[in-house]
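Peer 1: Structure of the sequence below:
(one chain, ligands or ions: 2)
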Amino acid sequence: MSEVRGARSRAVRRAAPWLVLVAAAAALPLLSGDPTITYLATTAGIYVLVGTGLNLMFGYTGQVSLGQGALVAVGAYTTGILMADHAWTFWAAAPVAVAVAVGAGTLMALPAFRLSSWYIALVTLGAAMAARSLLVEFEGLTGGWSGLMGIPRPALGPWELGERDILWLVLAVNVMLFVMVRTIVGSRLGRGMMAVRDAPEMAQSVGVAPARMKLFAFACGGATAGLGGALLAVHHGLVTPDDFTLDFSILFLLVVIIGGAARLAGPVIGTLLFFALPELLTGLAEWRGLIYGAALLVLMVYAPQGVAGAWEKLRARRRSSGVPADTAHTDTADADPGVPIEAGPPRGEPLGVELIGVRKSFGGVHALRGIDLTIEPGTVHAIVGPNGSGKTTLLNVISRLLRQDEGQVILDAEDVSRAPAERLARRGVARVFQTPRLLGTSSLRDNVLLGAYTRERSGGPAIVLRLPWARREQAELAEEADRLLAGHGLAGRASEEAASLPHGEQRLLEVARALMARPRLLLMDEPAAGLTPRELESLGRLIRAIRDTGTTVVLVEHHIELVASVADVVTVLDRGRLVTSGPPQEALGDARVVEVYLGAPA
Ligand code: ADP
Ligand code: MG
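Peer 2: Ligands and ions are numbered 1, 2, ... in the order given. So this is what the prediction gives:
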């Protein structure tokens, strides 16, 4: 618990300089009383708002969009039409604008389920271009080239909001959104989003449905763009197609990238640098395109994480240079990882698997050529065979990351031949990959917590509203994750970044993530690769301990001694065929197996 609290106070300290900066930026126009500054600050605030939504989409979920400007236009025009033509109040029009923009944003997301992110960039760019033409074409509704004029200010009863009140409103909305995004990012939702961004297959294997996550991200992006549009409409008092050029759409992506994608402060910094600064230094305004084009190039080469990312790195370097190297970490050599699992019992009875006539080809490569195999519940079932014999493909078919061409997969008497991987995760199947797939920029604790994705009961609303029981659940799971980390020799390092770990420890982290799911069936793909003899021994103890708590383990492994010492059953594959299956001494002593391994002629 103190670890968690410590992390929280560190996070506050990290955020403090930005908060001071934002407060100063907010106070300047309020104190100066200069209407131009108030006007620009309001515009900047709206850009931050839209940028923050896009940061959730692009920065955290990896869904690029060049069409946010079009969604802002949708929000602005909806508000304009309802308020100017139909005399709606702002408070009634804004929610409708948000809803319409969410609808449009979700529509724009549909190609995202089929296309890679760079095609989505093109699709969204196309949407941005089409939107402007539509604004001109539908003249009756939108006023064509001249747009909509006479959009009134929001009013509270008889009191109409002034220019400064709108600034206050924009700031208040930003603060609320900031807190909301911060909460989301630190919760299972945020971890799910980052998993979709960093490793979609791993995301599925922990129970995240990538399509739903992307949809949620696009909806968030649409909602903030719609709200930004509504505010922009009443801020300007008019909307015209010229407000929504292609530049305007691309601006938001640049703001997020320059400020620092997947950094909470990114959109604030990006807006200050990209929009506010050149507006203030009016002499520079005409050079803006050139300066920012060049700045973007330099930044992408030297600081791909944006300004916020570069700043964090600088601080981390200064911090680590202040600490003597040998005390920077707790010494893991003395820890005895692998004996205590420290995770609770599995969440149900161990699961058995049955494969019937499973075939899988990749083009002309027949990776699996008709496999019939039964994996008994509660056993350690090893799968061995030379490189390319189809072991990983077999695990992928069992965990549903691949669909077999022919045959059936039965999980605990249920035919799951067509089930998606995320559904199996919910039933208690966990996976350790051959090459670690982690949330590289997240902490060790968050990586382990991701494993609990399907165990957590708090849904989106409970998380965003920070309901007490949802927070209690989070705290309990965080403690469990810390215990698991300690059990794997990573005590006291829960806040470190996963990407900074050496390869061997990244593997341990994956194992901890898998155990955090309290799995009923654990699929491990060559966990012993690159381990020292001492680590091998503790891995063997760990695997036996996992089985003894009541989890079926399928172990793909090259290391024959490890297999011989832990497996209850060994199955040998060769070129996509099952050679033999049986108790270790029998299977490994089989003449055909010796041939497979040594290539001796029969
Ligand atoms: P193993 O894990 O036993 O080393 P794999 O299951 O990874 O073997 O691969 C079995 C065969 O299928 C290999 O010949 C490999 O090249 C091929 N293969 C595996 N995955 C793919 C893929 N996604 N696309 C094309 N070929 C693949
Ligand atoms: Mg493999």
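
Peer 1: switch to C-alpha atoms for all contacts and neighbour counts from now on
Peer 2: OK.

Peer 1: what comes up buried for the host helix or strand of residue 478?
Peer 2: Assigned by DSSP states H and E, residue 478 belongs to helix 468-487. For helix 468-487, a neighbour-count test (16 or more other CA atoms under 10 Å) marks 470-471, 474, 477-487 as buried.

Peer 1: For those, name the two members farthest from one another.
Peer 2: The span of the buried residues of helix 468-487, defined through CA to CA, is set by 470 and 487 at 25.8 Å.

Peer 1: any idea how far the nearest residue to residue 98 once chain neighbours are set aside lies from residue 71?
Peer 2: The shortest distance from residue 98 to any non-neighbouring residue, by CA to CA, 6 or more residues apart in numbering, is to residue 226 (4.4 Å). Using CA to CA, to the nearest Å, residue 226 is found at 6 Å from residue 71.

Peer 1: cool, and residue 101?
Peer 2: Taking CA to CA as the measure, residue 101 falls 6 Å from residue 71.

Peer 1: Now the common contact residues for these two.
Peer 2: Shared contacts of residue 101 and residue 71, defined by CA atoms under 8 Å, 6 or more residues apart in numbering, are found at 222, 225, 226.

Peer 1: From the residues you listed, pick the one nearest ligand 1.
Peer 2: Nearest to ligand 1, judged by CA to the nearest ligand atom, of those is residue 222 at 34.5 Å.

Peer 1: That closest one and residue 98 touch, don't they?
Peer 2: Yes. Using CA atoms under 8 Å, residue 222 makes contact with residue 98 at a distance of 7.3 Å.

Peer 1: Comparing those two, which residue is more hemmed in?
Peer 2: residue 222 (36 against 29; other CA atoms under 10 Å).

Peer 1: Can I take it that the more buried one is in a helix?
Peer 2: Yes. Counting by DSSP: H, G, I helix; E, B strand; the rest coil, one finds residue 222 located in a helix.

Peer 1: Mind putting the buried residues of helix 468-487 into a markdown table with distance to ligand 1 and pLDDT?
Peer 2: Shown next, in a markdown table, are the buried residues of helix 468-487 (distance: CA to the nearest ligand atom, whole Å; pLDDT from 0 to 100):
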| residue | distance to ligand 1 | pLDDT |
| --- | --- | --- |
| 470 | 39 | 89 |
| 471 | 40 | 90 |
| 474 | 36 | 91 |
| 477 | 33 | 94 |
| 478 | 34 | 94 |
| 479 | 35 | 93 |
| 480 | 32 | 93 |
| 481 | 30 | 94 |
| 482 | 32 | 93 |
| 483 | 32 | 92 |
| 484 | 28 | 92 |
| 485 | 28 | 92 |
| 486 | 31 | 91 |
| 487 | 29 | 87 |
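
Peer 1: Could you dump these into JSON lines with distance to residue 585 added?
Peer 2: Formatted as JSON lines, the buried residues of helix 468-487 follow (distance: CA to CA, whole Å):
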{"residue": "470", "distance to residue 585": "50"}
{"residue": "471", "distance to residue 585": "51"}
{"residue": "474", "distance to residue 585": "46"}
{"residue": "477", "distance to residue 585": "41"}
{"residue": "478", "distance to residue 585": "42"}
{"residue": "479", "distance to residue 585": "42"}
{"residue": "480", "distance to residue 585": "38"}
{"residue": "481", "distance to residue 585": "37"}
{"residue": "482", "distance to residue 585": "39"}
{"residue": "483", "distance to residue 585": "36"}
{"residue": "484", "distance to residue 585": "33"}
{"residue": "485", "distance to residue 585": "35"}
{"residue": "486", "distance to residue 585": "35"}
{"residue": "487", "distance to residue 585": "32"}
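
Peer 1: neighbours of residue 157, just the number please.
Peer 2: The tally of other residues near residue 157 (other CA under 10 Å) stands at 6.

Peer 1: got a list of what it touches?
Peer 2: Contacts of residue 157 (CA under 8 Å, 6+ apart): none.

Peer 1: Could you do residue 508 as well?
Peer 2: residue 488.

Peer 1: how far away is it from ligand 1?
Peer 2: Applying CA to the nearest ligand atom, to the nearest Å, the value for residue 508 to ligand 1 is 20 Å.

Peer 1: just residue 163 next, same as before
Peer 2: Computed as CA to the nearest ligand atom, the residue 163 to ligand 1 distance reads 58 Å.

Peer 1: again, but for residue 455
Peer 2: 29 Å.

Peer 1: Need the phi and psi values for the residue lying closest to that residue once chain neighbours are set aside.
Peer 2: Distances taken as CA to CA, 6+ apart put residue 517 closest to residue 455, at 6.9 Å, once the chain neighbours are dropped. With angles defined as degrees, to the nearest 10, residue 517 sits at phi -80, psi -10.

Peer 1: got it, and residue 430?
Peer 2: According to degrees, to the nearest 10, residue 430 has phi -120, psi 160.

Peer 1: got the contact list for residue 371?
Peer 2: Residue 371 touches 355, 356, 357, 358, 359, 576, 577, 578, counting by CA under 8 Å, 6+ apart.

Peer 1: ok, the second one touching residue 368?
Peer 2: In other words, residue 356. No. Using CA under 8 Å, residue 356 is not in contact with residue 368; the gap is 11.8 Å.

Peer 1: between those two, which one's more packed in?
Peer 2: Ranked by neighbour count (other CA under 10 Å), residue 356 and residue 368 place residue 368 first, with 27 against 15.

Peer 1: Now do the domain split for the protein, please.
Peer 2: 2-281, 353-442+517-599 (automatic domain parsing).

Peer 1: Extract the C-alpha set from the helix or strand where residue 509 lies and format it as PDB.
Peer 2: Taking DSSP H and E as the criterion, residue 509 maps to helix 503-516. Listed in PDB are the C-alpha atoms of helix 503-516, where the atom choice follows Å, rounded to 0.1, in the frame of the first residue of the first chain:
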ATOM      1  CA  HIS A 503      15.500  -9.600 -21.500                       C
ATOM      2  CA  GLY A 504      15.500 -12.300 -18.800                       C
ATOM      3  CA  GLU A 505      13.500 -10.200 -16.400                       C
ATOM      4  CA  GLN A 506      11.000  -9.200 -19.100                       C
ATOM      5  CA  ARG A 507      10.300 -12.900 -19.300                       C
ATOM      6  CA  LEU A 508       9.700 -13.100 -15.600                       C
ATOM      7  CA  LEU A 509       7.400 -10.100 -15.900                       C
ATOM      8  CA  GLU A 510       5.400 -11.900 -18.500                       C
ATOM      9  CA  VAL A 511       5.100 -14.900 -16.200                       C
ATOM     10  CA  ALA A 512       3.900 -12.600 -13.400                       C
ATOM     11  CA  ARG A 513       1.300 -11.100 -15.700                       C
ATOM     12  CA  ALA A 514       0.000 -14.500 -16.700                       C
ATOM     13  CA  LEU A 515      -0.200 -15.600 -13.000                       C
ATOM     14  CA  MET A 516      -2.000 -12.400 -12.100                       C
END
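
Peer 1: Tell me which residues of that helix come out buried.
Peer 2: So, applying 16+ other CA under 10 Å, buried residues of helix 503-516: 504-516.

Peer 1: ok, of these, which one's closest to residue 149?
Peer 2: Nearest to residue 149 out of these is residue 513 (CA to CA; 56.2 Å).

Peer 1: residues contacting the closest one?
Peer 2: Residue 513 neighbours (CA under 8 Å, 6+ apart): 447, 448, 449, 450, 451, 452.

Peer 1: Give me the pLDDT for the spatially closest residue to the fourth one that is not a sequence neighbour.
Peer 2: Nearest non-adjacent residue to residue 450, counting by CA to CA, 6+ apart: residue 191, 6.1 Å away. Reading off the per-residue confidence, residue 191 sits at a pLDDT of 96.

Peer 1: how close does the closest residue to residue 567 other than its chain neighbours get to residue 510?
Peer 2: The shortest distance from residue 567 to any non-neighbouring residue, by CA to CA, 6+ apart, is to residue 380 (5.0 Å). Separation of residue 380 from residue 510 (CA to CA): 19 Å.

Peer 1: that older thread, okay if I get the contacts of residue 513 as TSV plus distance to residue 497 and pLDDT?
Peer 2: Formatted as TSV, the contacts of residue 513 follow (distance: CA to CA, whole Å; pLDDT from 0 to 100):
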residue	distance to residue 497	pLDDT
447	9	96
448	12	96
449	14	96
450	14	97
451	17	96
452	19	95
